[in-house]
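Colleague: Return a 3D structure for these sequence lines:
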Amino acid sequence: MKKYRLIAFLLLSAMLFSACGTQSVVIPDVQGDDSANPPSGDEPIVPSHPSILPIDPPSDPVDPPDPVDPPDPVDPPDPVDPPDPVDPPDPVDPPDPVDPPDPVDPPDPVDPPDPVDPPKPTYPQKVTFLAAGDNILHEAVFTDAMQQANILASTGSFSKKYYFGGMYDPVAALIATADISFVNQETPVAGDDFGVYGYPLFNGPEEIGNALIEAGFDVVNLANNHMLDMDRKGTGLYNTIRYWNDKDILQIGGYLNAADYENIRMMEKNGVKIAFLSYTDVMNGDYTPNKAQSDVVIPYADKSVMARQVAAAKALSDVVIVSMHWGSENTEAVTDTQKSYAKYLAELGVDVILGHHSHTIQPVEWVQAGDGHKTLCYYSLGNFLSTQHPIKNLVGIFASFTIALQEDGSVKIEEAKAIPHLTWYSTKRDNLKIMLLSDVSEADIRSHGSQLRTAQNGGTFTLSDVYAIVERVLDKKFLD
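Modeller: Purely as a prediction, here's the structure:
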């Protein structure tokens, strides 16, 4: 293989020399050594190897390649004209000078406004007043309140133990229409720790306070014969006073000490100042305040105290109203003691007396003093809420009147009325409600629980019998 490569190389070399005009190339014999007979310089070289032929010189010379014309010269680019010169901007004239603002004249001084006189009150200044009698929580009353609370609790709408609201609902609208409403609370609220009791030694559950306030009452009286019922068990009266003092209601008749007793209870409404005094002429047994609360004062009816306190009240107010717990129980007759106190209070210049204790209604009258002053006296408003059995104990009245303050400072008591109402309960002594007598039907009377006791005594009563009680006790001029 190497031999063939050498021969090819030699042939290629000979061709190149021939093309260049050189003489024949001497190709050595690859098979032997001929150096002993060197050729002469004039003889052609004949290879001794029979496969190698002599190379003829090319017959025609190879023309050289045509010369390549040089590229045409590239014309230089036309010269770019320089940009026209930019004229400089015209000079900007300076702004005209701004004239300073004209000086502002100070404002003219403002004259102070003329003093405005307060509006003059329009006379007469009027206050409407409503008063209810004895709110007594017999055992059947608070048992029914517990039952009603359980019913409401089952619907998720009430969470307390006692619910009294439904008992007052039928008359709540009337109570709310008055500017001021009064009630005699004839059951202590000494605290649930004392227990809840009915007759004869009462203690009401604490829910009663909110119920009376929600019904619309503004004034609550505590001076009555049951105010010391819980003092045999502790500080019942003291607790009751504190309970009501913490409520949004004016409490009268309960006094923590002597200074509190001389602190005249006041209320102002529609520009009229009203003073309230409260006394009791009766007390159960020989009860006295518990020693632990010896500073509390029982406002016993005492004419010398009345004289001093009425004078103080008149100096502070336009109107004086006195609450009197007096007389005998379960009678429509007025006692001589009641008449004596009424006359005395009229002479002192009291404007209205609100009486209670008898658990029945008693007459209403104007009591005239020696100087011509007249005092409106409701001897007894009867029961407001109770579950006594006789029908006469279930009829009560609202005292209704208007206080009219005149421009000269004098006061007139106008539109004096007695509005009858009835406490209704079922034959089970439950589902209690207080109804205006004008709203009571014959069906209500037939289904009244008091009919059972009346039947046991050999009779029944009708709606006419109920009206007869009202008409025999009250003067028609005080009835609607």
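Colleague: Give the buried residues for the host helix or strand of residue 338.
Modeller: Secondary-structure assignment from DSSP states H and E places residue 338 in helix 336-348. Using 16 or more other Cβ atoms under 10 Å as the burial criterion, the residues of helix 336-348 that qualify are 338, 341-348. The way it works is simple: take the backbone N, C-alpha and C, and place the C-beta from them, glycine included.
Colleague: JSON lines please, covering the residues you listed and showing pLDDT and distance to residue 395.
Modeller: Formatted as JSON lines, the buried residues of helix 336-348 follow (pLDDT from 0 to 100; distance: Cβ to Cβ, whole Å):
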{"residue": "338", "pLDDT": "98", "distance to residue 395": "19"}
{"residue": "341", "pLDDT": "98", "distance to residue 395": "24"}
{"residue": "342", "pLDDT": "98", "distance to residue 395": "22"}
{"residue": "343", "pLDDT": "98", "distance to residue 395": "27"}
{"residue": "344", "pLDDT": "98", "distance to residue 395": "29"}
{"residue": "345", "pLDDT": "98", "distance to residue 395": "26"}
{"residue": "346", "pLDDT": "98", "distance to residue 395": "27"}
{"residue": "347", "pLDDT": "98", "distance to residue 395": "32"}
{"residue": "348", "pLDDT": "98", "distance to residue 395": "31"}
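Colleague: Return the closest of those residues with respect to residue 119.
Modeller: residue 348 (34.4 Å; Cβ to Cβ).
Colleague: list the contacts for the closest one?
Modeller: The contact partners of residue 348, by Cβ atoms under 8 Å, 6 or more residues apart in numbering, come to 306-307, 310-311.
Colleague: how about a cut-off of 7 Å?
Modeller: Neighbouring residues of residue 348 by Cβ atoms under 7 Å, 6 or more residues apart in numbering: 306-307, 310.
Colleague: how many neighbours does residue 370 have?
Modeller: 8 (other Cβ atoms under 10 Å).
Colleague: And the one 5 residues further on, by the same measure?
Modeller: If you count neighbours by other Cβ under 10 Å, residue 375 ends up with 23.
Colleague: Residue 407 and residue 69: what is the separation?
Modeller: Using Cβ to Cβ, to the nearest Å, residue 407 is found at 139 Å from residue 69.
Colleague: is it true that residue 435 lies in a helix?
Modeller: No: according to DSSP: H, G, I helix; E, B strand; the rest coil, residue 435 belongs to no helix; its state is strand.
Colleague: wait, isn't it in contact with residue 170?
Modeller: Yes: under the criterion of Cβ atoms under 7 Å, residue 435 makes contact with residue 170 at 5.0 Å.
Colleague: what comes into contact with stretch 293-308?
Modeller: 223, 235, 237-238, 241, 253, 255-258, 261, 278-281, 289, 326, 341, 344-345, 348.
Colleague: Count the residues that sit near residue 294.
Modeller: With other Cβ under 10 Å as criterion, residue 294 counts 10.
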